[in-house]
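S.K.: Test case, fold it:
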Amino acid sequence: MSALASYACHPAQSRGRLHVEGRGEVRGPRNIFQRDRDRIIHSISFRRLRHKTQVFVAPDGDHYRVRLTHSLEVAQIGRTIARELGLNEDLTEALCLAHDIGHPPFGHAGEDALQAAMAAHGGFDHNAHCLRTLTRLEIAYPTFPGLNLSWEMLEGLAKHNGPVTAPNWAMRAVDAAFPLDLASWASLEAQVAALADDIAYDNHDIDDGLRAGILTLEQILEVPLVRRCWERVRTRYPDVPAARLMRELVREQIGVMVNDLLATTRANLAALGLEQAEVSAIRAAGQAVCAFSAPMRDEERALKRFMYANLYHHPLQLAAAERAHIIVSDLFAAYRDDIGLMDAGWDADCPVEEPGRSRHIADYIAGMTDRFAEQAHRRIFGGRLDDGSGRPA
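M.R.: Now for the predicted structure:
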């Protein structure tokens, strides 16, 4: 790793971990952020991402992305940006790898169902649940719950999209135990992770949409950013069939967005007088320092609008989302009525009183993979759901 900039998160200056560690264990020559990254990679929650929805619910094809492969792609983009800006690559990578751990089965459809089921008991939010999972639900160490991640790691997961002005019950609990300064901006490493996520799914979801036949080249060329990148690709490869240039188009777009982000972030550091500042000044800047330029921000938003209209809200996707909503809602109701339907250990530990009871059920469901949730639904209700429009047979 190259020398860190003054505004980067330096391992030796970390605010540390909530729980004291160290009883003579041999852990190897790793700093605190490298350990954070490795704890994420070795966690059960991270492994479960391989069977959680990214775009397509429980995809049948081996070539479609899932939460795990998406997280790896985010980490690759994030680490490249961090290296160019002199940031801590290990912390950036760890944040990128962990950012989706709080997602329940079936992506946003599953989250909407849990939010509705939990409305009377504090609601459900995947970002807060990520923190709850990593600080409480993961059991990896003998004397404390969670992974005992660094303060900078937890802060970045909490605030990668900006200051948190209205934390829900789960995030408030984490903040009460280990105050994360929720009203301030996060480190540049966290800001990079957030935009690396946008860059990854903006572009890789196009790839999956084209592969699935839901999107066509003619459709996506309606988006100005895509059309401009496509014209450059065609100029470079005029004799190559269009079908073979789809992945080159995605690479072109990622490169354009990354280069814009780097130029804009460097300009922001200079304009705000932060080029030689410490990370505390980044948190106190009162705005995002890592950002797209205004024109790129507008183009990126136009791309998102296109993707929602033509991919995420496609009739086939909406039917799958409705089916997923039914599965999660039915499971929540079934466990609420008979806690004995949960796996051993989960049923025994379930609180009797609310809101603890519903929050415990939500923890259980949120940890499920898509296929585990489908299997659990089949065991309880029998039969299969139909093509997405009805209830269990």
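S.K.: wait, Pro224 sits on Glu299?
M.R.: Yes. Using C-beta atoms under 8 Å, Pro224 makes contact with Glu299 at a distance of 6.0 Å. For every residue, glycine as well, the C-beta is placed using N, CA and C.
S.K.: quick one: which of those two has more around it?
M.R.: Neighbour count, other C-beta atoms under 10 Å: between Pro224 and Glu299, Glu299 has more, with 21 against 14.
S.K.: nearest residue to that one other than its sequence neighbours?
M.R.: Nearest residue to Glu299 in three dimensions, chain neighbours excluded: Leu225, at 4.2 Å (C-beta to C-beta, 6 or more residues apart in numbering).
S.K.: That neighbour: helix or strand, and which one exactly?
M.R.: helix 224-236 (DSSP states H and E).
S.K.: can you give me the offset of that helix from its chain's centre?
M.R.: Helix 224-236 has its C-alpha centroid displaced from the chain centroid by 29 Å (C-alpha atoms, centre = their mean, to the nearest Å).
S.K.: other SSEs contacting it?
M.R.: Applying 3 or more C-beta pairs under 8 Å, 6 or more residues apart in numbering; DSSP states H and E, we find helix 224-236 packed against helix 246-271, helix 294-307.
S.K.: hang on, isn't Phe144 packed against His19?
M.R.: Yes. Phe144 lies in contact with His19 (C-beta under 8 Å); the separation is 4.2 Å.
S.K.: re the thing from before, let me know which of the helices and strands packed on helix 224-236 is tucked in deepest.
M.R.: helix 246-271 (a mean of 17; mean count of other C-beta atoms under 10 Å).
S.K.: need the next SSE after that one, C-terminal direction.
M.R.: Sequence-wise, the next helix or strand downstream of helix 246-271 (DSSP H and E) is helix 279-283.
S.K.: what comes up buried for that next one?
M.R.: Across helix 279-283, burial judged by 16 or more other C-beta atoms under 10 Å covers 279, 282-283.
S.K.: thinking His325 is in contact with Gly107, fair?
M.R.: No. Judged on C-beta under 8 Å, His325 makes no contact with Gly107 at a distance of 10.9 Å.
S.K.: higher neighbour count, the two?
M.R.: Gly107 (24 against 19).
S.K.: Roughly how far does that one sit from Ala285?
M.R.: Gly107 sits 32 Å away from Ala285, going by C-beta to C-beta, to the nearest Å.
S.K.: again with Thr69
M.R.: 33 Å.
S.K.: what about the two, which has more around it?
M.R.: Counted by other C-beta under 10 Å, Thr69 and Ala285 do not tie: Ala285 has more neighbours, with 19 against 16.
S.K.: so is that one in a helix, a strand, or just coil?
M.R.: Assigned by DSSP: H, G, I helix; E, B strand; the rest coil, the conformation of Ala285 is coil.
S.K.: phi, psi of it?
M.R.: Ala285 adopts backbone torsions of phi -70, psi -20, taken as degrees, to the nearest 10.
S.K.: picking that back up, could I get the helices and strands packed on helix 224-236 as a markdown table with mean pLDDT?
M.R.: Output for those, formatted as a markdown table (pLDDT from 0 to 100):
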| stretch | mean pLDDT |
| --- | --- |
| helix 246-271 | 97 |
| helix 294-307 | 97 |
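S.K.: now His51: how far from His129?
M.R.: The gap separating His51 from His129 is 17 Å, by C-beta to C-beta.
S.K.: Ok, Arg50 next?
M.R.: 18 Å.
S.K.: Excluding sequence neighbours, find me the nearest residue to Glu275.
M.R.: Closest residue to Glu275 apart from its sequence neighbours, by C-beta to C-beta, 6+ apart: Leu269 at 5.0 Å.
S.K.: mind listing what that neighbour touches?
M.R.: The contact partners of Leu269, taken as C-beta atoms under 8 Å, 6 or more residues apart in numbering, are 7, 275, 289.
S.K.: one step back: among His51 and His129, which residue is more densely surrounded?
M.R.: Neighbours per residue, other C-beta under 10 Å: of His51 and His129, the larger number sits with His129, 24 against 18.
S.K.: residues in contact with the more buried one?
M.R.: Applying C-beta under 8 Å, 6+ apart to His129 gives the contacts 102, 104, 170, 363, 366.
S.K.: again, only this time at 6 Å
M.R.: Taking C-beta atoms under 6 Å, 6 or more residues apart in numbering, we find His129 in contact with 102, 366.
S.K.: And the next helix or strand past the one helix or strand it maps to?
M.R.: Using DSSP H and E, His129 maps to helix 126-132. As assigned by DSSP H and E, the chain's next helix or strand after helix 126-132 is helix 151-159.
S.K.: Cool, thanks, signing off.
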